[in-house]
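Novice: predicted model follows, preceded by the sequence.
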2 protein chains.
Amino acid sequence: MAADAVSLSIGQVAERTGLSVHTLRFYEQEGLFVSPIRRGPGGRRSYSQDDVDWLTVCIILRASGMPLPALRRYAELVREGAGNEEERLALLREHHGRVTDQIGRLTQCLDLITFKVAVYEDLLDQDGRAAGPGRRSPSRGGDDPASTPGTSV
Amino acid sequence: MAADAVSLSIGQVAERTGLSVHTLRFYEQEGLFVSPIRRGPGGRRSYSQDDVDWLTVCIILRASGMPLPALRRYAELVREGAGNEEERLALLREHHGRVTDQIGRLTQCLDLITFKVAVYEDLLDQDGRAAGPGRRSPSRGGDDPASTPGTSV
DNA sequence: CTAGGAGCTCGAGTCGACTCGAGGTCAACC
DNA sequence: GGTTGACCTCGAGTCGACTCGAGCTCCTAG
């Protein structure tokens, strides 16, 4: 309704997406855009608001680890128009699964890290309390005190 | 208490860590181990249980995105022995922050993906209900129906 | 009229983290 | 005594995703 056919230069798009102009050209050549980027006088790229919106989606998908080939495929499907929604859905669902898994994995890792941080905090806490500034507890074998918790990993 | 000084070959370690023998040698040369790997007859590597435990930690830190240089630094600190616990803690805390951020970011991304999946599910659901197997809704401009939700991102 | 700034193309370079291959040693088995 | 099979070293190759640079075209301002 509003926004009368904005036309942005590559520099402006770079500025508002946070991508570099290099990356924008690179993405174009990788076929990540749904519609070909129009060219203004002198062959300069001229982006529409739709292009920027699409880029925003791309950025989010990339940030969640979707590889460029998948992104390209998704762009292709959208470009082809209606009729392939199942495939788009499948692609998105697969990515959804991956991201969910990744969050799960990271959360598990975080547990270990949190545990180790706690161990070191305790250790330093005791140290600071028992003796002045100095070192202590040679431990058994030069290993780190915050080794794996009893519960497996 | 138990486990009388196990000594594992590189192949065995590869098997139980899931890393390749190539990667194990590579990690060693990158200085990721706390103590130098001992060599058996014929110059063959012989890993202790401690080495494997340490590797397990490394794998988790790597899986959560810690770069090799940071891992090397951590190994160095542990190798140096007691006295640098503050630095180890700082390193772990920093990584903890990164992982937390990453999980946050992924969770946000997941929201968009979930939204898009829902849009396509609805769309296909309606389609299947309204017409038989066939295509519909040319939408405005060849764009995808699941564009960004009203709420920013 | 020239200097600066934004764009353009095309090809090459970088970075992190592996991954592979060639060529060699050694012990065990048939 | 020949053939596996697991191991060794060292250097090179790969992959994904940018990132950079050289050399060029425009346009605008001083």
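Specialist: Sure thing, it's come through.
Novice: any residues of chain A in contact with DNA strand D? List them.
Specialist: Those residues of chain A that sit near DNA strand D, judged by CB under 7 Å from any atom of the strand, are A:S20, A:H22, A:T23, A:F26, A:P41, A:G42, A:R62, A:P67, A:L68, A:P69. (Glycine included, C-beta is placed from N, CA and C.)
Novice: looking at these, which has the most residues close by?
Specialist: The most neighbours of any of the residues of chain A next to DNA strand D, using other CB atoms under 10 Å in any protein chain shown, belong to A:R62, which has 17 neighbours.
Novice: is DNA strand C contacted by the helix or strand A:P69 falls within?
Specialist: Here A:P69 is covered by helix A:68-80, with elements defined by DSSP states H and E. No: for a cut-off given as CB under 7 Å from any atom of the strand, helix A:68-80 has no contacts with DNA strand C; the smallest distance is 13.6 Å.
Novice: where along chain A do the strands fall?
Specialist: Assignment of strands within chain A using DSSP state E yields the ranges A:38-39, A:45-46.
Novice: so which of those strands is the most packed in?
Specialist: strand A:45-46 (a mean of 18; mean count of other CB atoms under 10 Å in any protein chain shown).
Novice: and that one, anywhere near DNA strand C?
Specialist: Yes: in terms of CB under 7 Å from any atom of the strand, part of strand A:45-46 sits within range of DNA strand C, namely A:R45.
Novice: direction included, what does that strand pair up with?
Specialist: strand A:38-39 (antiparallel) (DSSP bridges).
Novice: centre of the chain to the partner strand, how far?
Specialist: Using CA atoms, centre = their mean, to the nearest Å, we find the averaged C-alpha position of strand A:38-39 to lie 29 Å away from the chain's own average C-alpha position.
Novice: try stretch A:31-48
Specialist: A distance of 25 Å separates the C-alpha centroid of stretch A:31-48 from that of its chain, computed with CA atoms, centre = their mean.
Novice: now do the end-to-end distance for it.
Specialist: Using CA to CA, to the nearest Å, the span of stretch A:31-48 from its first residue to its last is 17 Å.
Novice: and chain A, which of its residues are near DNA strand C?
Specialist: Within chain A, the positions adjacent to DNA strand C are A:S9, A:I10, A:G11, A:Q12, A:A14, A:V21, A:R25, A:R39, A:G42, A:G43, A:R44, A:R45 by CB under 7 Å from any atom of the strand.
Novice: the helices in chain A, which residues?
Specialist: Under the criterion DSSP state H, chain A carries helices at the ranges A:10-17, A:21-29, A:49-63, A:68-80, A:85-130.
Novice: and the helix or strand bottoming out on mean pLDDT in chain A, does that touch chain B?
Specialist: Taking mean pLDDT, DSSP states H and E as the measure, the helices and strands of chain A show their lowest mean at helix A:85-130, namely a mean of 93. Yes: with CB under 8 Å from any CB of the partner chain as the measure, helix A:85-130 is seen reaching chain B through A:85-86, A:88-89, A:92-93, A:95-96, A:99-100, A:102-103, A:105-110, A:112-114, A:116-117, A:120-121, A:123-124, A:127.
Novice: are any of these buried, and which?
Specialist: Buried members of the residues of helix A:85-130 next to chain B, counted by 16 or more other CB atoms under 10 Å in any protein chain shown: A:85, A:88-89, A:92, A:95-96, A:99, A:102-103, A:106, A:109-110, A:112-113, A:116-117, A:120, A:123, A:127.
Novice: from the residues of chain A next to DNA strand C, which single one is nearest A:V57?
Specialist: A:V57 lies nearest to A:A14 out of these, by CB to CB, at 17.0 Å.
Novice: could you give the number of residues near the residue nearest to the closest one when sequence neighbours are not counted?
Specialist: Distances taken as CB to CB, 6 or more residues apart in numbering or on different chains place A:V21 nearest to A:A14, at 4.8 Å, with adjacent residues excluded. A:V21 has 14 neighbouring residues, counting by other CB under 10 Å.
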